[in-house]
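[1] For reference, the sequence and a predicted model appear below.
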Amino acid sequence: MRKKQPVLFVGHGNPMNAISDNSFTKSLKKISENIEKPEAILVISAHWQTKGTSITSSDDPRQIYDFYGFPEELYNVVYQPGGKKELAKYIAETLNKENMTVTGADYWGLDHGSWAVLKHIYPEGDIPVLQMSLDMGLNEYSHYNLGKKLSFLRDMGVLVIGSGNIVHNLREMGHETLANPHTWAVEFDRYIADSIRTGSHENLISYKNFGRCAELSLPTDEHYLPLLYIAAMQDKGDKVEFLFDEIHHSSLSMRCLKIG
């Protein structure tokens, strides 16, 4: 009998992590040790923002290098798992029946929010990967509710991963990876972590109520929204495990967590 999959949120940070050997990437390499190999993976990435919700619908999704000005070595990384067109179709049909409009998109592929993370977690690239976009017309409650609607995937053996950052302020970045974190970054990261640990989902949805710390931590919300999908899939009794919790470059929370 297929074991129910957990859900993951990964703070992906700097694209250079795709080719780095550091404490963060070492922690990613350990994740799959305690997870039954999934039938497929669905990544909700901060880097695909659309009008309406879309899901990759190709059996051979292309690898997207959605960054500029980095060393050539990074552009030479190849991570090209297959997709699963029939699963994408099933997800879209299921959600559309729930009055959530989801469309297939064969023009997109796997951006670095997906492949730069999966390269470390599942280096063999032998698991089909789909990616879902963020509908930037939805509010926080709607993103959360869409995550609820996706919960059925856990029972199908699909590993759902939210890829973003709880704190993501590029204007306030320090040059060094382990530069002292800003006080507001630490406070907001801990507030969100405590809310996840205690199942206080209303705090996660209404994160802007945390005031100035929230404003500084998230000048824009696309890196935070994937977390709402993952929190929404938490079942009663699910264990919450924080897999990594450093803040890099003063203003990037690299916190990673597993639920279930």
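    Right, received. Where do you want to start?

[2] what bits of this protein have low per-residue confidence?
    Counting by pLDDT under 70, the chain has low-confidence residues at 1.

[3] repeat that with 80
    1-2, 98-101 (pLDDT under 80).

[4] Which strand in it has the most residues?
    Determined from DSSP state E, the single longest strand within the chain is strand 40-50.

[5] Residues contacting whichever helix or strand comes after that strand, please?
    Sequence order places strand 53-56 as the next helix or strand after strand 40-50, per DSSP states H and E. By Cβ atoms under 8 Å, 6 or more residues apart in numbering, the residues outside strand 53-56 that reach it are 42, 48, 83, 88, 91-92, 95, 100-106, 108-110, 130-135, 138, 146. (C-beta placed from N, C-alpha, C; glycine too.)

[6] Okay, strands next: where are they in the stretch 51-200 of the chain?
    53-56, 102-105, 129-135, 158-164 (DSSP state E, counting those that start in this stretch).

[7] so the third one versus strand 158-164, what angle?
    Read that as strand 129-135. Here strand 129-135 runs at an angle of 50 degrees relative to strand 158-164 (axes from the mean of the first three to the mean of the last three Cα atoms, to 10 degrees).

[8] for strand 129-135, packing partners?
    Judged by 3 or more Cβ pairs under 8 Å, 6 or more residues apart in numbering; DSSP states H and E, strand 129-135 is in contact with strand 40-50, strand 53-56, helix 85-97, helix 112-121, helix 140-149.

[9] try 7 Å
    Where contact means 3 or more Cβ pairs under 7 Å, 6 or more residues apart in numbering; DSSP states H and E, strand 129-135 is packed against strand 40-50, strand 53-56, helix 112-121.

[10] and those as TSV, adding distance to residue 216 and mean neighbour count?
    Formatted as TSV, the helices and strands packed on strand 129-135 follow (distance: least, Cβ to Cβ, whole Å; neighbours: other Cβ atoms under 10 Å):
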stretch	distance to residue 216	mean neighbour count
strand 40-50	18	23
strand 53-56	29	24
helix 112-121	22	25
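
[11] how about those, which one is nearest residue 231?
    Nearest to residue 231 among the helices and strands packed on strand 129-135 is strand 40-50; the distance by Cβ to Cβ comes to 11.8 Å.
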